[in-house]
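Trainee: quick one, structure for this:
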Amino acid sequence: MLLFDRYLPDGATDGLPILVLLHGRGSHRGDLQALRPGLPAGWGLVTPQGPHPGHPWGYGPGWAWYRYVADDRVDEVSLRQGLDALGEFMDALPSLLGVEPGRVVVGGFSQGGTAALAWALRNPTRGESTLNFSGFLIDSPLVPAEAAAGGRPRIFWGHGRRDPNIPFALAEKGRLRLREAGATLVIGDYEIGHWIAPEELEDAMTFLASGR
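Mentor: As a prediction, the model looks like this:
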C-alpha cells in the first residue's frame, strides 16, 4: 500500500469531501500538503507517495509514478504499475482514513498531474472531476482521451506559459485532444514557470466548487 500524508478537519465524519493530490517526479508524499491552506473549508487532503523509487531513473532521492521517455510518451509498464497502485490506494481510502469519503477528487502537479489525469480517464466513473497542474496527456492506449466524451471526469488543466520542464506546447497538444474527444475542460494559463501560482490554485478551487 502506498505511503501517504493526510489532513482531516476536526470532527471529520462520513461524507467528508477528499482531495487526493499526487506529487511530481522525484518528490514525496509531504510536498503538496503545503497547499492545504488554499483548500475550501471542510475538505480533507490526502497526498500519497508514488510507488517507484526515483533514483534508478535519475530523479533524485524522491519517488515517481512512472518512468518518463520523451515528449508525451512514458514507459507503459511503470505507468500501469503506478496507476494500479493508485487504484488500490483509492479502494482502501475508507479504511485508511477511518471515515467514508463523500466526494473524491484526484489531482496532482507535474508528473502527478499527468498520472492523475491518466487515472481519471481510465476510471471515469470513479470521480466527477480531476485537477492537472502542469502535467500532460500521455500518448498511449492506456490513457483513453475518448473516455471523457460524456463530460466525466470534468477536467481542470492549469499550466505555466513559461514552463521549462513540461513545455506549454504539450499542454496545448493534450488539451486539443481532450476537446476533440468531447471533454468538459476548464483551462488556466499563467505567466509562470513550473510551479503552482496562488491564482491557479484559487481557480482550481473555484472549479471544484462548481462541481456536483
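Trainee: wouldn't Phe156 be in contact with Val186 here?
Mentor: Yes. Applying CB atoms under 8 Å as the test, Phe156 and Val186 come out as touching, 5.0 Å apart. C-beta coordinates here come from the backbone N, C-alpha and C atoms, glycine included.
Trainee: and the top helix by length along the chain, how far out from the chain's middle?
Mentor: Secondary structure of the chain per DSSP state H: the longest helix is helix 76-91. Its chain's average C-alpha position is 13 Å from that of helix 76-91, according to CA atoms, centre = their mean, to the nearest Å.
Trainee: run through who's touching it.
Mentor: Residues outside helix 76-91 that contact it (CB atoms under 8 Å, 6 or more residues apart in numbering) are 1-2, 4, 20, 22, 48, 50-52, 64-67, 96, 104, 106, 115, 118-119, 122-123, 126, 138, 140, 142.
Trainee: now, of the residues you listed, which are buried?
Mentor: Applying 16 or more other CB atoms under 10 Å to the contacts of helix 76-91, the neighbour count classes 2, 4, 20, 22, 48, 50-52, 64-67, 96, 104, 106, 115, 118-119, 122-123, 126, 138 as buried.
Trainee: burial count for the nearest residue to Pro53 once chain neighbours are set aside?
Mentor: Sequence neighbours aside, Trp63 is the residue nearest to Pro53 in space, at 6.5 Å (criterion: CB to CB, 6 or more residues apart in numbering). Trp63 has 26 neighbours, counted by other CB atoms under 10 Å.
Trainee: and stretch 101-110, how far from the chain's centre?
Mentor: 7 Å.
Trainee: what comes up buried for stretch 171-182?
Mentor: Ala171, Lys173, Gly174, Arg175, Arg177, Leu178, Ala181.
Trainee: tell me how far that stretch lies from the chain's centre.
Mentor: Relative to the chain's own centre, stretch 171-182 is displaced by 17 Å; criterion: CA atoms, centre = their mean.
Trainee: if anything else comes up later, I'll come back, but that's it for now.
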